[in-house]
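Chemist: Kindly return the folded structure for what I paste below:
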Amino acid sequence: MGRPAGRTNQGHEEEKRRLAAKLAERLVQPDGPKTSFQSLAEACEVSRATLRHYFGDHQGAIHAAIECLAAQGEPHVASVAHAEFGHVRDALSTLLRLLAVAWQRYGVGAIHRMGLEIGLGDAQLGPLYVQQLLEPTIQAFEKRLMIHIQRGELRPMDPRTGSLLLLSPLLIALLHQEELGGRKCRPLDLDEFLTSHLDAFLRAWAPLPE
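Modeler: So this is what the prediction gives:
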């Protein structure tokens, strides 16, 4: 008896997730964004036909890898938005430093490097990178700022603007030092930078005297 039309084999989704994880692992390698469809299939230890069966084409494979990376990062992003980190200075200091450590040591920088390489100038992959990998962090910090606004630790602001003001200098500093090699030609004391940046942000958004 044949399989009903539109129904996939048992285990199809599990295998698709396994392959997506392999694709994600390959794409965050230094040469990952330039990897051919054949090389992606080899990294997954399957044929091109099998990879095409699950993901359609090269862009479909990249799409699946980005969604996989987004899912892996979701618990960490959620903690930014909802976990308790104390007073605003302690919370933002902890979270910015955790982001820097994750960027430098745990592959977050490689993920964003890959996203920028494939996304810049690409009408489909650019928005995909923004929606799946960049915006979740921005939106998590929007929610974090709202917590401290509601507690009266920051004065009211547009949370999206505030999140971008808070994150953008750090992201530029990390790209400068890590992905662009600035650590070699113009090193930055990142801890001192973060302290100065956070001081300036908190002075700008401190509650007004009653």
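Chemist: Give me the pLDDT value at residue 209.
Modeler: At residue 209, the model reports a pLDDT of 84.
Chemist: secondary structure class for it?
Modeler: coil (DSSP: H, G, I helix; E, B strand; the rest coil).
Chemist: Relative to residue 21, how far out is it?
Modeler: 53 Å (C-beta to C-beta, to the nearest Å). Where C-beta positions appear, they are placed from N, C-alpha and C, glycine not excepted.
Chemist: Same question for residue 156.
Modeler: 42 Å.
Chemist: do the same with residue 116
Modeler: Residue 116 is 21 Å from residue 21, by C-beta to C-beta.
Chemist: ok, now residue 114?
Modeler: Residue 114 is 15 Å from residue 21, by C-beta to C-beta.
Chemist: Which one of these two is surrounded by more residues?
Modeler: residue 114 (24 against 17; other C-beta atoms under 10 Å).
Chemist: Contacts for the helix or strand containing that one next, please.
Modeler: Assigned by DSSP states H and E, residue 114 belongs to helix 108-119. Contacts to helix 108-119, defined as C-beta atoms under 8 Å, 6 or more residues apart in numbering, come from residues 27-30, 32-33, 62, 66, 69, 73, 99, 102-103, 125-130, 133-134, 171, 174-175, 178-179.
Chemist: Keep only those of those that are in helices.
Modeler: 27, 62, 66, 69, 73, 99, 102-103, 125-129, 171, 174 (DSSP state H).
Chemist: Just want the most central residue of this protein.
Modeler: residue 133 (3.8 Å; C-alpha atoms, centre = their mean).
Chemist: Not counting sequence-adjacent ones, nearest residue to it?
Modeler: Counting by C-beta to C-beta, 6 or more residues apart in numbering, residue 115 is the residue found nearest to residue 133 once chain neighbours are left out, at 5.1 Å.
Chemist: And that neighbour, how close does it get to residue 199?
Modeler: From residue 115 to residue 199 the distance is 30 Å (C-beta to C-beta).
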